[in-house]
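K.L.:
Following is a predicted model, sequence given first.
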2 protein chains.
Amino acid sequence: MKKVNIIEIGPRDGFQNIKEFIPTEIKISVIDKLVQSGIKKIQACSFISPKAIPQMRDAKEVAEAVISKYPQTDFFALVPNLFGAKAAAAAGLKEIAPVISLSETHNKANVNRTVEQSLEEIGTIRQELPDIKITQDVATAFVCPYEGRMEVQPLIDLIGKIQSLGVHSFTLCDTTGDAYPQQIKDVLESVKKAFPSEEFNLHTHDTRNMGIVNTYTGILNGVSNVETTLGGLGGCPFAPGASGNTATEDLVYMLHLEGYDTGIDFDLLLEAAKFLRSNVSGNYSGHHINITACE
Amino acid sequence: MKKVNIIEIGPRDGFQNIKEFIPTEIKISVIDKLVQSGIKKIQACSFISPKAIPQMRDAKEVAEAVISKYPQTDFFALVPNLFGAKAAAAAGLKEIAPVISLSETHNKANVNRTVEQSLEEIGTIRQELPDIKITQDVATAFVCPYEGRMEVQPLIDLIGKIQSLGVHSFTLCDTTGDAYPQQIKDVLESVKKAFPSEEFNLHTHDTRNMGIVNTYTGILNGVSNVETTLGGLGGCPFAPGASGNTATEDLVYMLHLEGYDTGIDFDLLLEAAKFLRSNVSGNYSGHHINITACE
């Protein structure tokens, strides 16, 4: 049976966009339900300045609680810099996702650094934390909200520089949800040809109703690890009113029909999504959580 | 350049689900805007008992108005029986879409006839209206809300019977939005192998967030004519709260990125969708009409 690994990033990419602080115990309860549904890998939080993203100010408590409760689950966190990486390691995480943007403009807006400075930071993280697994988030890998559609050669150049720092796992992020299937296919073909032994994951948004088709196209073109959010929670800060990330439960529903093994119980996952919506007000773009019958 | 023909069916499949009667002039204004955006084929209404669907009681006025205003546009109507077919022809329509369900249970629920009786009716329509173009809607071609997932052989058998009545154009309808990409691909391959010289169109719903990926899969597998609704208006009566049909503007947006020629101006189409939403309250599942910036 074909396998796809669903990486749930709602507790980070979903929660970070919610203005009202979500109580720590609710965050942990959502992760409880995700684990119970069979999800094996979860981005539990980000270790980022509480001034920048107050919603993540309890990252340490969340990470420590879920790591001790679920030793079989892979938890990881997004980190913008060495400080965050060290905090993640101190909390007991074995994996981090530093973030860099392909677009210079977006990198500056996102982490207030040049791409060159972010590269240096990744090198320092790699050296100072030699045992932690790094999966490198490459934001705006397809489209930048400021610079428009990105080219593949600069992406390959950037990946090459990160690879030379000792990083071998990458998540190509369609930050705005503006990538389209043929672009996903072309970019994947190019990067896999350039780096045949590295791992490429996909992170998609559903801003323009292409989240499912883009993720599916990625899977058909060799991606095994895809990042989605429960309920489709999240959003695109550059497109107010827009849908969020690709909804985990919608993707899982389709993948099961397509004959993929995700290891997830869809009914429990949908329960988790409904629990989330009952406890956290936000922008839910998942289709299944809006259906009141026929489940 | 690869071409896809977008068949807008919102004025029928979208409007029929709206409880409050939409004034005739609003219906016509929506069609005005659709035509202005470049849409070439529109299902303007259905000729159905006003007791069954009161929303369509002005079908004749709508059809006559738009036919006389836009002689270059292909208008057609859904018809449940000979009576409706004759009314459509009398209003000046050159094409009709009779409806039959692959599922016996759904056919009974939808048109209160056995499949056999519906077949007889199609034969009568073909004989009594020899000059009208018939594009046959095959509802529940993939999934029935009562009988579950459908098999392809009974579909081929049904198409064969309809073909023998003198009908050569078919629209395979995913009535509930439960088809999945591999099923779309398999069914299309089978029916095109069985009937290599007939035309097969696709009608999709976005109930489970698969509307875009299913339509795209159809196009990649040789479908040239796809039915969608402006704004994603519509719904699945078997799944309360569910999203509607696949949104025309979302599909067009993606197809243009993919390099397809639709002959449609996306900005005008989005304006049409927003005009629709401003004038008709309903369930809009289109993603673009919810984005307030970044267009």
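P.N.:
Arrived safely. Numbers count the residues shown, from 1 in each chain, chains lettered A, B, ... in the order given.

K.L.:
which residues are in contact with the helix or strand containing A:Lys27?
P.N.:
Using DSSP states H and E, A:Lys27 falls within helix A:24-37. Residues outside helix A:24-37 that contact it (C-beta atoms under 8 Å, 6 or more residues apart in numbering or on different chains): A:8, A:10-11, A:15, A:42, A:44-45, A:58, A:61-62, A:65-66, A:69-70, A:73, A:230, A:264-265, A:268-269, A:271-272, A:275-276, A:279-280. C-beta: built from backbone N, CA, C; applies to glycine.

K.L.:
Buried ones in that helix, by neighbour count?
P.N.:
A:27-28, A:30-35, A:37 (16 or more other C-beta atoms under 10 Å in any protein chain shown).

K.L.:
Repeat that for stretch A:99-119.
P.N.:
Applying 16+ other C-beta under 10 Å to stretch A:99-119 flags A:99-104, A:106-108, A:110-111, A:113, A:115, A:118-119 as buried.

K.L.:
Same question for stretch A:143-153.
P.N.:
A:143-145, A:150, A:152.

K.L.:
what does stretch A:37-49 give?
P.N.:
Within stretch A:37-49, judged by 16+ other C-beta under 10 Å, the buried ones are A:37, A:39-48.

K.L.:
Could I get these in JSON lines, plus columns for pLDDT and secondary structure?
P.N.:
Converted to JSON lines, these look like this (pLDDT from 0 to 100; DSSP: H, G, I helix; E, B strand; the rest coil):
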{"residue": "A:Ser37", "pLDDT": "98", "secondary structure": "helix"}
{"residue": "A:Ile39", "pLDDT": "98", "secondary structure": "coil"}
{"residue": "A:Lys40", "pLDDT": "98", "secondary structure": "coil"}
{"residue": "A:Lys41", "pLDDT": "98", "secondary structure": "strand"}
{"residue": "A:Ile42", "pLDDT": "98", "secondary structure": "strand"}
{"residue": "A:Gln43", "pLDDT": "98", "secondary structure": "strand"}
{"residue": "A:Ala44", "pLDDT": "98", "secondary structure": "strand"}
{"residue": "A:Cys45", "pLDDT": "98", "secondary structure": "strand"}
{"residue": "A:Ser46", "pLDDT": "97", "secondary structure": "strand"}
{"residue": "A:Phe47", "pLDDT": "98", "secondary structure": "coil"}
{"residue": "A:Ile48", "pLDDT": "95", "secondary structure": "coil"}
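
K.L.:
so what's A:Glu128 closest to, chain neighbours aside?
P.N.:
Leaving out its chain neighbours, the residue that sits closest to A:Glu128 by C-beta to C-beta, 6 or more residues apart in numbering or on different chains is A:Leu82, at 6.5 Å.

K.L.:
Report the contact partners of the one you found.
P.N.:
A:121, A:124-125, A:128.

K.L.:
Recalculate using a threshold of 10 Å.
P.N.:
Taking C-beta atoms under 10 Å, 6 or more residues apart in numbering or on different chains, we find A:Leu82 in contact with A:98, A:120-125, A:127-129.

K.L.:
do the same with A:Ile100
P.N.:
By C-beta under 10 Å, 6+ apart, the neighbours of A:Ile100 are A:80, A:106-107, A:110-111, A:113, A:115, A:117-119, A:121-122, A:136-140, A:158, A:161-162.

K.L.:
Helix or strand for it, just tell me which one.
P.N.:
A:Ile100 belongs to strand A:95-101 when elements are defined using DSSP H and E.

K.L.:
Next, the angle from that strand to strand A:41-46.
P.N.:
When axes from the mean of the first three to the mean of the last three C-alpha atoms, to 10 degrees is applied, the directions of strand A:95-101 and strand A:41-46 differ by 70 degrees.
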